[in-house]
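Novice: Have a look at this prediction, sequence included:
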Amino acid sequence: MSTLISLVMLLSGVSTTGCVVVDGDRIRALDFAPHIPLFAKLDPGTILAFAPNPGVRRIFGSQDLARLAHVTSTDGMPESICVERRAAQLTSSLVERALRDSLTRAGFSASTVELEVIDFIRAPLPSGQIEFPLTGLVQPSNPFSSVPLLWRGRVLSDANRSVPIWARVRLRTFQKGIVALRDLASGALLQAGDIGERLVAGLPRFTQGPVSVESFLGRQTRRAIRQGDPVDASVLAQAEVVKPGDKVAVRVASGASVLKFYGIAETRGRTGAKVIVKNPVTGRRFQAVVESSGQVAVRLEDKGA
């Protein structure tokens, strides 16, 4: 459920500045009727003009008012009248409640969320419903960063119109994740006992699928990881299964014909990567694609094998 703005609103038909206060984005005859008797003769729902945006005043002179009342004389009309749209202002508590509503709907209980509202939009807003969709949270490249985050939202006002809003927050959630059980050097191949599942503090993962220890085993660390640090896909790479000097089985396919022989790898590569292989018989070098550990294949367009 969206959070309804209900605080700091102008509750009467006249603001403290003496302007007529209207609801919605249209000025109707019923808004002017209490202040100008001629408008009481019109149907209360008659639309007279567009209302100003929240925080903006619109001034109508006597000639304008006569035209809106469908009369030719300005008798009985004030020299001018100002109009303001009923407005509200966000508060820190309203913003936090809306943000927590979004997180709760995503499955995060209050006990697994640490949330601090740092700043938010201060402009006058139309009354309506506050929404901070999860897609409005701007995620940093490092999911374990503690820097304030921008979270974009909107206020749904009358006639399903929306006004953009924003908040800057510090957010941390506790979810099951993978951590290093010992110090891991850069380039280390993950083995059983290197990593384990723990509660990890970081940014919420809304779309990432389940992560298991088994899915990371055999991968290679991109950098050194200290014991207890989180481990995710961003710090891992597929292991290099071919290294310089390795003897590799080469497979060359052309239609129904398949040629197989052994070569010597001269560059390193992961599964799917291209490496340079030397034919030990002819001495010629060629490019091949790594299929698995010790296995490479030559693409049809590759030459020189």
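Specialist: Okay, I see it.
Novice: got the CA positions of stretch 30-41 in PDB?
Specialist: Extracted C-alpha coordinates of stretch 30-41, given in PDB (Å, rounded to 0.1, in the frame of the first residue of the first chain):
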ATOM      1  CA  LEU A  30     -17.500  26.300  -5.800                       C
ATOM      2  CA  ASP A  31     -14.000  27.600  -5.000                       C
ATOM      3  CA  PHE A  32     -14.900  31.300  -5.700                       C
ATOM      4  CA  ALA A  33     -18.500  31.100  -4.500                       C
ATOM      5  CA  PRO A  34     -17.800  31.800  -0.800                       C
ATOM      6  CA  HIS A  35     -15.800  34.900  -1.700                       C
ATOM      7  CA  ILE A  36     -17.600  36.300  -4.800                       C
ATOM      8  CA  PRO A  37     -21.400  35.900  -4.700                       C
ATOM      9  CA  LEU A  38     -21.800  36.000  -8.500                       C
ATOM     10  CA  PHE A  39     -20.100  32.600  -8.700                       C
ATOM     11  CA  ALA A  40     -22.700  31.100  -6.400                       C
ATOM     12  CA  LYS A  41     -25.100  31.400  -9.300                       C
END
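Novice: And the average pLDDT for that stretch is what?
Specialist: For stretch 30-41, the mean pLDDT works out to 92.
Novice: So what touches it?
Specialist: 13, 20, 22, 29, 42, 44-45, 48, 65, 68-69, 71, 76-78, 81, 83 (C-beta atoms under 8 Å, 6 or more residues apart in numbering). In short, each C-beta sits where N, CA and C put it, glycine included.
Novice: ok, of those, which come out buried?
Specialist: V20, V22, A29, L42, L48, L65, L68, A69, M77, I81, V83 (16 or more other C-beta atoms under 10 Å).
Novice: Quick check: the two most widely separated of those?
Specialist: Farthest-apart pair in those is V22 and M77; separation 18.2 Å (C-beta to C-beta).
Novice: mind listing what the residue nearest to A180 when sequence neighbours are not counted touches?
Specialist: Nearest non-adjacent residue to A180, counting by C-beta to C-beta, 6 or more residues apart in numbering: I225, 4.7 Å away. By C-beta under 8 Å, 6+ apart, the residues touching I225 are A180, D183, L184, V231, V235.
Novice: any low-confidence regions in the stretch 1-150 of the chain?
Specialist: 1-17, 142-145 (pLDDT under 70).
Novice: Show me where the stretch 101-250 of the chain has its strands.
Specialist: For the stretch 101-250 of the chain, strands defined by DSSP state E, counting those that start in this stretch occupy the ranges 113-120, 125-126, 129-131, 149-156, 162-180, 195-202, 220-221, 230-231, 236-237, 240-242, 247-254.
Novice: which stretch among the ones you listed comes nearest I264?
Specialist: strand 247-254 (6.2 Å).
Novice: Just give the strands next to the closest one in its sheet, each with its orientation.
Specialist: strand 257-265 (antiparallel), strand 295-298 (parallel) (DSSP bridges).
Novice: Relative to the whole chain's centre, how far out is the shortest one?
Specialist: What it means is strand 295-298. Counting by C-alpha atoms, centre = their mean, to the nearest Å, strand 295-298 is centred 41 Å from the centre of its parent chain.
Novice: Can you give me the buried ones in that strand?
Specialist: Q295, V296, V298.
Novice: Mean pLDDT added to the strands paired with strand 247-254, as TSV?
Specialist: Below are the strands paired with strand 247-254 laid out as TSV (pLDDT from 0 to 100):
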stretch	mean pLDDT
strand 257-265	92
strand 295-298	93
